[in-house]
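Asks: The following comprises the amino acid sequence and a computationally predicted model.
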Amino acid sequence: MERLAPGGEIEAHRHDDHQIVYAARGVLAISTTAGTWMAPGNRAIWVPAGTIHAHYAHGELELHLVGVPAHRNPLGLTDPTVLAVAPLLRELIMGYTAMPDDDRGAERARLHAVLLDRLRAAPHQPLHLPAPSSPLLRSVCDVLRTDPADGRTLDELGHQVGASSRTLSRLFRSDLGMTFPQWRTQLRLQVALVLLADGASVTTVARQCGWSSPSAFIDVFRRTFGHTPGAHALGS
């Protein structure tokens, strides 16, 4: 178990083994050249062996790490992936990481096996914000990163960067694998997690992230994370 202060980070690195990264407190962000994955307390992130990645802490982060040998890939995943963490899986992760690293006993091996078994059943969560490679698309995404509440249409944003909405819409699908509204919603949800971890109120988060009302924000947040932003703030 590791602790990171708010705003702390672990610089870009890689592991020879796969890794399950779980934050029992705070909100964890993992970044690669392909984008950013965010995990609140009821999510974990699977990081495949050899992936160069950095960790970022939003709020007081309590980090639990579980290694999986590179020759075993129970999930068959080749990219970082956010996974739902049910209460049983959470207790398995917490119990396993509480054991000494040098413990090679049968109990630890059994716990690891059960943990991987439950991990196979964990639903994948679409909490990845892909990073654009197209310069045009990068310009649009940078505008929205600077102000997630910017509610302009793709056509209006296109006028600013010198591209048609048709071109930008095509780039969102081909470069990022999602539509413009989907990407903007993902961005707003990630920013919302950070703001909540920093103690901002639901009303403040809704306003700063561009939702029309706190209730609209609460509805999207609940459908994405399975609980309200108020419950999330209490759990952090």
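Replies: Received it, and whenever you're ready, just let me know what you need.

Asks: Quick check: phi and psi on the residue nearest in space to the middle of the chain?
Replies: Nearest residue to the geometric centre of the chain (CA atoms, centre = their mean): residue 38, 1.4 Å. Residue 38 adopts backbone torsions of phi -120, psi 140, taken as degrees, to the nearest 10.

Asks: Residue 170 too?
Replies: Dihedral angles (degrees, to the nearest 10) for residue 170: phi -60, psi -40.

Asks: before we move on, what about residue 129?
Replies: phi -110, psi 100.

Asks: do you know how far it is from residue 176?
Replies: Distance check for residue 129 against residue 176: by CB to CB, to the nearest Å, it reads 9 Å. Where C-beta positions appear, they are placed from N, C-alpha and C, glycine not excepted.

Asks: What pLDDT is listed against residue 40?
Replies: What the model reports as pLDDT for residue 40 is 83.

Asks: Then the one 3 residues further on?
Replies: The predicted local confidence for residue 43 comes out at a pLDDT of 88.

Asks: Check the gap between it and residue 94 for me.
Replies: 15 Å.

Asks: cool, and residue 166?
Replies: When CB to CB is applied, the distance between residue 166 and residue 94 equals 50 Å.

Asks: Settle it for me: which of those two has more neighbours?
Replies: Set residue 166 next to residue 94 and count neighbours by other CB atoms under 10 Å: residue 94 wins out with 14 against 11.

Asks: Can you tell me which helix or strand of this structure has the lowest average pLDDT?
Replies: Ranked by mean pLDDT, DSSP states H and E, the helix or strand of the chain with the weakest confidence is helix 229-235, at a mean of 62.

Asks: neighbours around residue 66, how many?
Replies: Here the neighbour count serves as a burial measure; for residue 66 (other CB under 10 Å) it reads 20.

Asks: quick one: buried residues of the helix or strand where it lies?
Replies: Per DSSP states H and E: residue 66 is located in strand 53-68. When burial is assessed from 16 or more other CB atoms under 10 Å, strand 53-68 yields the following buried residues: 53, 55-59, 61-66, 68.

Asks: now do stretch 205-215
Replies: The neighbour-count check on stretch 205-215 (16+ other CB under 10 Å) flags 205-211, 214 as buried.

Asks: And those residues, which is closest to residue 79?
Replies: The shortest gap between residue 79 and any of these belongs to residue 209, at 26.1 Å (CB to CB).
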